[in-house]
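>>> Whatever this is, show me its structure:
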Amino acid sequence: MIEAGRFVAAAAARGFSVYSGVPCSYLTPFINYTIGSDRLRYVAAANEGDAVAIAAGAELGGCGGVAMFQNSGLGNAVNPLTSLTWTFRIPILLIVTWRGEPGGHADEPQHELMGQITPRMLELMDIPWTLFPASDAALEPALDVAVARMQTERRPYALVMRKGSVADSALGGRLREPALHGLDLPPRRPATAQRHAMLAAIRAADAGHDVLVASTGFMGRELYALGDRPNQLYMVGSMGCAVSLALGIALAQPRRLVIAIDGDGAALMRLGALSTVAYQRPDKLVHIVIDNGQHESTGGQATVSPHVDFCAIAAACGYPSVARASEPAELEALLARPASGPLFIHVPVLPGVPANLPRPVITPAEVAARLRQHLRN
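Here you go, the predicted model:
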């Protein structure tokens, strides 16, 4: 058994400073310590996949990222672990508990199958792993192995935590009081332009110093077609994770404007991420939802967005500023002088895709590598 503080100090010495997670009783002492620690930032994620994306964004921004959750949450994390961290070669540290470990402590029936397959799940996702260190003597060697593998292989590494690995730790922090904004919601308006015109307006407001994270599908491809830049990241897969990735970058790079460009289908898939963004309150994060009412890149199937008021949801989650833009000039003006963040902008657009839309020739790993370099310059 080790003290949580010893792990955090050893991990901090190796560059890990942003933790994101979802609670598990095995993790309780560890999460309690990280919440109260002044050495790092802890982000309580709405689900395990969001935790992975937040940690990945922090890594891109120059801070080592840790995602921690119960092994039952591996299912929620499979998508970003296979199509975000693996595809973009983003190394993060995973701390995964081993509920239902065969031959281990008696546990609830819902953990039986996942307990049996946890090692195989990690191996199927090409994630190397070892047991979480349970003694001070094992701590630093385990972290050294993890960091070495992460640096050379550019992928996550998992520490699988058994029950009782970490000594009890009192909860050191509390949630702050909610901020009730009482915002006047902007009225809904019909779309007048297509997505590529709105993306052009975003680029026009950007001098090349900001960070643009475009959701998967035609969003990223159209942004690329307007002109490739080193400050642009085109998500592939990991649907719904764009704003969580952007949040991780914003926490690691608080002085830089970070713009997450979501689609309506992607935002609906992980609506819980809005609550996390609003609570963390990154001052220079802008969250744009470009809403055509469709999953356009998969055939135009309708989403339920016509029945959803995204601005009302963002305001209810705690975004201090919400706006709508139905004209490209409106959107460019909002971005030229963005309100104190996080700022949420709903952008209704007409369906439609430019003819002969190209696919990026730069690989996702190259996109991530040059964005890291851009953020370090």
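>>> residues of stretch 18-36 that come out buried?
Within stretch 18-36, the residues that qualify as buried are 18-24, 26-27, 29-35, counting by 16 or more other C-beta atoms under 10 Å. All C-beta spots, glycine's among them, are computed from the backbone N, C-alpha and C.
>>> and what of stretch 99-109?
Arg99, Gly100, Glu101, Asp107.
>>> Going along the chain, name the strands of this protein.
With DSSP state E as the criterion, the chain has strands at 16-21, 41-44, 64-69, 93-97, 129-131, 157-161, 211-214, 232-234, 258-263, 285-291, 294-295, 301-302, 321-324, 343-348.
>>> picking that back up, of the buried residues of stretch 99-109, closest to Ala260?
Among the buried residues of stretch 99-109, Arg99 lies closest to Ala260 (C-beta to C-beta), at 32.7 Å.
>>> is it possible to export the buried residues of stretch 99-109 to TSV including distance to Pro342 and pLDDT?
Output for the buried residues of stretch 99-109, formatted as TSV (distance: C-beta to C-beta, whole Å; pLDDT from 0 to 100):
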residue	distance to Pro342	pLDDT
Arg99	34	94
Gly100	38	92
Glu101	40	92
Asp107	39	86
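>>> Can you tell me the closest non-neighbouring residue to Gly57?
Leaving aside its sequence neighbours, Gly57 sits nearest to Gly248 (C-beta to C-beta, 6 or more residues apart in numbering; 2.2 Å).
>>> Could you do Ser37 as well?
Val8 (5.8 Å).
>>> Over to Val147?
Arg14 (5.3 Å).
>>> what do you get for Pro351?
Nearest residue to Pro351, sequence neighbours excluded (C-beta to C-beta, 6+ apart): Asn292, at 4.9 Å.
>>> Pretty sure that neighbour sits against Asp264.
Yes: with contact defined as C-beta atoms under 8 Å, Asn292 counts as touching Asp264 (6.8 Å).
>>> low pLDDT regions in the protein?
Of all residues in the chain, those with pLDDT under 70 make up the ranges 170-182, 207.
>>> Domain ranges for it, per the record?
The chain breaks down into these domains under automatic domain parsing: 4-161, 195-376.
>>> and the end-to-end length of the longest one?
The one in question is domain 195-376. Distance across domain 195-376, first residue to last, is 31 Å (C-alpha to C-alpha, to the nearest Å).
>>> so the residue nearest to Val147 touches Ala142, yeah?
No: using C-beta under 8 Å, Arg14 is not in contact with Ala142; the gap is 11.1 Å.
>>> the more surrounded of these two?
The residue with more neighbours, out of Arg14 and Ala142, is Ala142; 20 against 15, by other C-beta atoms under 10 Å.
>>> The lengthiest helix in the chain versus strand 16-21: what angle between them?
Looking across the chain with DSSP state H, the single longest helix is helix 136-153. With axes from the mean of the first three to the mean of the last three C-alpha atoms, to 10 degrees as the basis, helix 136-153 and strand 16-21 are set at 100 degrees to each other.
>>> Would you check how far apart Leu268 and Ser305 are?
7 Å (C-beta to C-beta, to the nearest Å).
>>> picking up where we left off before, identify the residues contacting the residue nearest to Val147.
Neighbour list for Arg14: Gly64, Leu143, Asp144, Val147 [criterion: C-beta atoms under 8 Å, 6 or more residues apart in numbering].
>>> so who does Ile2 touch?
The contact partners of Ile2, by C-beta under 8 Å, 6+ apart, come to Pro133, Ala134, Ser135, Asp136, Leu139, Ser165, Val166, Ala167.
>>> Now do the helices in the stretch 101-250 of the chain.
Using DSSP state H, counting those that start in this stretch, the helices of the stretch 101-250 of the chain run over 112-124, 136-153, 195-205, 218-225, 242-252.
>>> elements contacting the second one?
Packed against helix 136-153, as judged by 3 or more C-beta pairs under 8 Å, 6 or more residues apart in numbering; DSSP states H and E, are the following elements: helix 4-12, strand 129-131, strand 157-161.
>>> and the residue nearest to Gly57, how many residues sit next to it?
For Gly248, the neighbour count with other C-beta under 10 Å is 35.
>>> which ones are touching it?
Gly248 neighbours (C-beta under 8 Å, 6+ apart): 18, 20, 43, 53-61, 65.
>>> just the strands of the chain: most buried one?
strand 258-263 (a mean of 30; mean count of other C-beta atoms under 10 Å).
>>> quick check: angle from that strand to helix 195-205?
Going by the same axes, to 10 degrees, strand 258-263 makes 180 degrees with helix 195-205.
>>> Can you list the neighbours in contact with strand 258-263?
Among residues not part of strand 258-263, those counted as contacts by C-beta under 8 Å, 6+ apart are 199, 202, 206, 210-215, 217, 219, 223, 242-243, 245-247, 249-250, 282, 284-292, 335.
>>> try it again with 7 Å
With contact meaning C-beta atoms under 7 Å, 6 or more residues apart in numbering, strand 258-263 is reached by 202, 210-215, 217, 219, 242-243, 246, 249-250, 284-290.
>>> Over to stretch 97-109?
24, 26-27, 70-72, 111-112, 114-116, 118, 160-163.
>>> for stretch 184-195, same thing?
Among residues not part of stretch 184-195, those counted as contacts by C-beta under 7 Å, 6+ apart are 222, 290, 292, 311-312, 315, 322-324, 326-328, 348-350, 352.
>>> Good, we can wrap up now.
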